[in-house]
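Trainee: fold the following and give me the result.
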Amino acid sequence: MKIALITGANKGIGFETARQLAQLDHYVYIGSRDKSRGLEAVKKLKAGGLTHVNCLEIDVTDIVSIRSAREELESKTQQLDVLINNAGIAGKQPQHISTGGMDNLREVFDTNFFGAVQTTQVFLDLLKKSSGPRIVNVSSQLGSLTFQRGTSNPHHRIYDAYSCSKTALNAFTVMLARALEDTAFRINSVGPGYTATGLNQFKGIQTPAEAAEVVVKYATIDPDGPTGKYFGKKGEIAW
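Mentor: Numbers count the residues shown, from 1 in each chain. Presented below is the predicted three-dimensional model:
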């Protein structure tokens, strides 16, 4: 049975990703900054008949918390097969890059970019023990520079800090995939699409379960699947 860790998985896309991976016979650790919320998520999944789930308390902005989570996971399993860096925040709105506060920008990057990087670094040696390690960085179409350059939609301008953090996350995907290109790792960014979650006050046009499908797809790709790429539900997204 493959072992998966999903950060920020007590709700939204992360929770539905956990459900779908558990249905595919993965043992899933629901990463949650608030342990009580993580345990509640586990309870919901077990009530639905999914028994191979557990909670792992982890705050991706706190290196001590990440290391503690790694120690706890290692006490239960000697390897990690799938890491999904899903934890993310939208930040305070609006966040026009020409006028937005630096504190807000730093807060968004701390979770969406630095959080993913340091979580990956801490868990990397456990992933290396897997015969087919997979890393999925949950990005957004708003992280595409091609998309941002081509759109005139003023609605997107209120998400400048968030968009920049996802662009940086995409760069991390490319760099990490290059560093591990001669290994069995498959590392990709995924933009699930505009989804109704707490991140956008539930204004999205698809459900978290629908969005989770593309995350799961790249968390379970074949050994000869792509790496260092950027995908949405309709296929590859231009950087």
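
Trainee: ok, the most centrally placed residue in the chain - contacts?
Mentor: The centre of the chain sits closest to residue 86, judged by CA atoms, centre = their mean, with a distance of 2.1 Å. Neighbouring residues of residue 86 by CB atoms under 8 Å, 6 or more residues apart in numbering: 6-9, 13-14, 17, 31, 138, 215. C-beta coordinates here come from the backbone N, C-alpha and C atoms, glycine included.

Trainee: any buried residues in the strand ranked longest in the chain, and which?
Mentor: Ordering each strand of the chain by length in residues (DSSP state E) puts strand 26-32 first. Residues 26-32 are the ones in strand 26-32 that count as buried (16 or more other CB atoms under 10 Å).

Trainee: export that strand as PDB, just CAs?
Mentor: Provided in PDB are the C-alpha atoms of strand 26-32 (Å, rounded to 0.1, in the frame of the first residue of the first chain):
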ATOM      1  CA  HIS A  26      -3.400   4.600  -0.600                       C
ATOM      2  CA  TYR A  27      -2.800   5.100   3.200                       C
ATOM      3  CA  VAL A  28      -3.400   8.800   3.500                       C
ATOM      4  CA  TYR A  29      -2.000  11.200   6.100                       C
ATOM      5  CA  ILE A  30      -4.100  14.300   6.400                       C
ATOM      6  CA  GLY A  31      -1.800  17.100   7.100                       C
ATOM      7  CA  SER A  32      -3.500  19.800   9.200                       C
END
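
Trainee: what are the pairing partners of that strand, and which direction each?
Mentor: If you go by DSSP bridges, strand 26-32 pairs up with strand 2-6 (parallel), strand 53-57 (parallel).

Trainee: quick check: residue 94 touching residue 101?
Mentor: No: taking contacts as CB atoms under 8 Å, residue 94 lies outside contact range of residue 101: 10.7 Å.

Trainee: count of neighbours near residue 62?
Mentor: Neighbours of residue 62 under the rule other CB atoms under 10 Å: 15.

Trainee: cool, the one 5 residues further on as well?
Mentor: With neighbours defined by other CB under 10 Å, the count for residue 67 comes to 14.

Trainee: same thing with the one 5 residues further on?
Mentor: The local packing of residue 72 (other CB under 10 Å) involves 15 other residues.

Trainee: understood, closing this out.
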